[in-house]
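Participant: here is my input, please return the structure:
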Amino acid sequence: KSNLCSKCHVPLCFALWYALNVAYNITNKWALDGVHKFVAEKTSQSSPLPFTIGCLQFGIGASYACTLWALGWRRPVPHAEELWRAATILKNSFRHNFL
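Facilitator: Numbers count the residues shown, from 1 in each chain. As a prediction, this is how the structure comes out:
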């Protein structure tokens, strides 16, 4: 039985990820449609404001993660030297491209 569980673990994780991703996309579409209708009713603009929804989602997620780290319920991801090097390379490439 454990052999069957070990073979099904990865496909089940992919299926769960796919199902949750579909649910997230449906919810995100619902939120964007709701904002679009609200903005269209209250103003003369008809933009669905996807950037606003994205910023709200990022802000909520970041505050959630920071709260967990600050309270000690989760430890921050340890930073390896290779990650810092990669971040420095990316930072410098963005600086060269956009400045």
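Participant: centre of the chain to the helix ranked longest in the chain, how far?
Facilitator: Ranked by residue count and defined by DSSP state H, the top helix of the chain is helix 2-42. Taking the mean of its C-alpha atoms, helix 2-42 sits 12 Å from the chain's own mean (Cα atoms, centre = their mean, to the nearest Å).
Participant: pLDDT on that helix, on average?
Facilitator: Average pLDDT, helix 2-42: 84.
Participant: from here on, call the first residue 123.
Facilitator: Okay, residue one is now 123; in that scheme the one you just asked about reads as helix 124-164.
Participant: now the following helix or strand past it and helix 124-164, what's the angle there?
Facilitator: The C-terminal neighbour of helix 124-164 among helices and strands, as given by DSSP states H and E, is helix 172-193. Put simply, helix 172-193 runs at 130 degrees to helix 124-164, going by axes from the mean of the first three to the mean of the last three Cα atoms, to 10 degrees.
Participant: show me what helix 172-193 is packed against.
Facilitator: Judged by 3 or more Cβ pairs under 8 Å, 6 or more residues apart in numbering; DSSP states H and E, the packing partners of helix 172-193 are helix 124-164. Heads up, the C-betas are built off the backbone N, CA and C, glycines and all.
Participant: tell me the pLDDT at the residue nearest to the spatial centre of the chain?
Facilitator: Centrality entry for the chain: nearest residue to the mean C-alpha point is residue 180, 6.6 Å, by Cα atoms, centre = their mean. Note on residue 180: pLDDT of 88.
Participant: with the one 4 residues further on instead?
Facilitator: Residue 184 is assigned a pLDDT of 91 by the prediction.
Participant: how near is it to residue 133?
Facilitator: 32 Å (Cβ to Cβ, to the nearest Å).
Participant: what's the answer for residue 191, then?
Facilitator: Counting by Cβ to Cβ, the gap from residue 191 to residue 133 is 32 Å.
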